[in-house]
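Asks: Sequence below, structure please.
(chains A, B, C and D)
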Number of protein chains: 2
Amino acid sequence: MDVKTLCLGVLSLGEASGYEIKKFFEDGFSHFYVAGFGSIYPALAQLTRDGHVTCSNIEQEKRPAKKVYRITNSGVALFHHELAQGYPSHKVRSDFLLQMVFATFLSSARLDEVLTQRSEDLQAELQHIGNYCERDDIPQGGHFALGYAQAVLQAGRDYIENNRDALIAEIKEKDL
Amino acid sequence: MDVKTLCLGVLSLGEASGYEIKKFFEDGFSHFYVAGFGSIYPALAQLTRDGHVTCSNIEQEKRPAKKVYRITNSGVALFHHELAQGYPSHKVRSDFLLQMVFATFLSSARLDEVLTQRSEDLQAELQHIGNYCERDDIPQGGHFALGYAQAVLQAGRDYIENNRDALIAEIKEKDL
DNA sequence: ACGATATATATTGTTCTGATATATTTATTA
DNA sequence: TAATAAATATATCAGAACAATATATATCGT
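Replies: Here you go, the predicted model:
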């Protein structure tokens, strides 16, 4: 599942521009999937070349021109094919947890700072998802994914709050 | 925090080969950080060029020759500098949750299959971390990171078990 | 004796990330 | 009111990372 597949997925819900595809994920699903313009625009270009989407230039008043993409039959077929085979991955890349592994090399003040920041970030993400959930344009399955994200974020935050003091104390001991 | 920093981190715990650096993460911390040889070897080459690590060729009996890397003073300084500034990121890229967002386009049988597989994978990861935790060569902070991983994996698995039937029922309704 | 797994390094093509550039409009705030 | 920030919109590029593959030997279980 690369960015091309991601684009096909969003376009299978309705036509959209590259900007709107990015927003679709930024708004609600940024916790578990982030794609930048540097991936989306080339992906759309290639999908257009391969005939999986069509592109029409829409002039707008008081806005830059849009390129609206629409999925083709071959695009739908490709998307369904991708969904039907293989097992989808779930990857985490956490510089935060990596830093915790190497906590020995951090000052206790810095450690405290990092833990506080992470806890606040998790809280903000939870808030963000909570707000988004109330929208009525969320696709079927979207609520499941958002609920999953909430459960996982909450567990992470609880873990930090319950274990931060012990970790900081450990590192402080080392400092002496 | 790129793969270069990761290598410096592992080497700050003691000398190691590229293979051993990869194993260090595969064994215990693969849940939240994966780096392949395609990133590690070039990173070590660059660190050597820049004088942050030194490399010595160790001939071994009954094993391929090893290149053992040792961190230099400048490497230690660089690593500590990286740890001390900026806020570490925590990124998730889940094709699994993406697939759930687009669950409408899945058959209920396929959805069932994917959910079962994910739940089993989470269970296996939990098991793996549980075993690893009993080792006595885990750096300070490592237990915190492993505990975080366990909390998050468990929350994910619980969420799937508690919500899978409702989601599958929803999708089945759509099928009719 | 055979096949699978472990040890060990390396390359290559493809993809992704992060930063930057450009341009206009709307909303905010001082 | 004027300046500034944020939103809308597309695009490119260097550098980083990923996934797959190649090569070679040794061990371990069956």
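Asks: need the next SSE after the lowest-mean-pLDDT helix or strand in chain A, C-terminal direction.
Replies: Every helix and strand of chain A was ranked by mean pLDDT, DSSP states H and E. The lowest is strand A:53-58, at a mean of 87. As assigned by DSSP states H and E, the chain's next helix or strand after strand A:53-58 is strand A:66-71.
Asks: So which residues make contact with stretch A:6-16?
Replies: A:20-21, A:24-25, A:33, A:35, A:40, A:43-44, A:47, A:52-53, A:68-71, A:75-76, A:78-79, A:82, A:139, B:98, B:101-102, B:105 (Cβ atoms under 8 Å, 6 or more residues apart in numbering or on different chains). C-beta here means a position set from N, CA and C on the backbone, and glycine is covered the same way.
Asks: now, which of those lie close to DNA strand D?
Replies: Residues of the contacts of stretch A:6-16 in contact with DNA strand D (Cβ under 7 Å from any atom of the strand): A:20, A:68.
Asks: The contacts of stretch A:6-16 in helices, which ones?
Replies: Those of the contacts of stretch A:6-16 mapping onto helices are A:20-21, A:24-25, A:40, A:43-44, A:47, A:75-76, A:78-79, A:82, B:98, B:101, per DSSP state H.
Asks: quick one on the thing from earlier: just the buried ones from the contacts of stretch A:6-16?
Replies: Buried subset of those (neighbour count, 16 or more other Cβ atoms under 10 Å in any protein chain shown): A:21, A:24-25, A:33, A:35, A:40, A:43-44, A:47, A:52-53, A:68-69, A:71, A:75, A:78-79, A:82, A:139, B:98, B:101-102, B:105.
Asks: Not counting its own residues, what contacts stretch A:30-42?
Replies: Stretch A:30-42 is contacted by residues A:3, A:6-7, A:18, A:21-22, A:25-26, A:125, A:129, A:145, A:149, A:153, B:91-94, B:97-98 when judged by Cβ under 8 Å, 6+ apart.
Asks: Just the buried subset of the residues you listed, please.
Replies: Buried by 16+ other Cβ under 10 Å: A:3, A:6-7, A:18, A:21-22, A:25, A:125, A:129, A:145, A:149, A:153, B:91-94, B:97-98, out of the contacts of stretch A:30-42.
Asks: So which of those belong to strands?
Replies: In strands, defined here by DSSP state E, the members of those are B:91-94.
Asks: Can you convert those residues into JSON lines and add a column each for pLDDT?
Replies: Converted to JSON lines, those look like this (pLDDT from 0 to 100):
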{"residue": "B:91", "pLDDT": "93"}
{"residue": "B:92", "pLDDT": "93"}
{"residue": "B:93", "pLDDT": "94"}
{"residue": "B:94", "pLDDT": "94"}
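Asks: ok, those residues vs residue A:168, which is closest?
Replies: Nearest to residue A:168, judged by Cβ to Cβ, of these is residue B:91 at 24.8 Å.
Asks: Right, I'll call it a day here.
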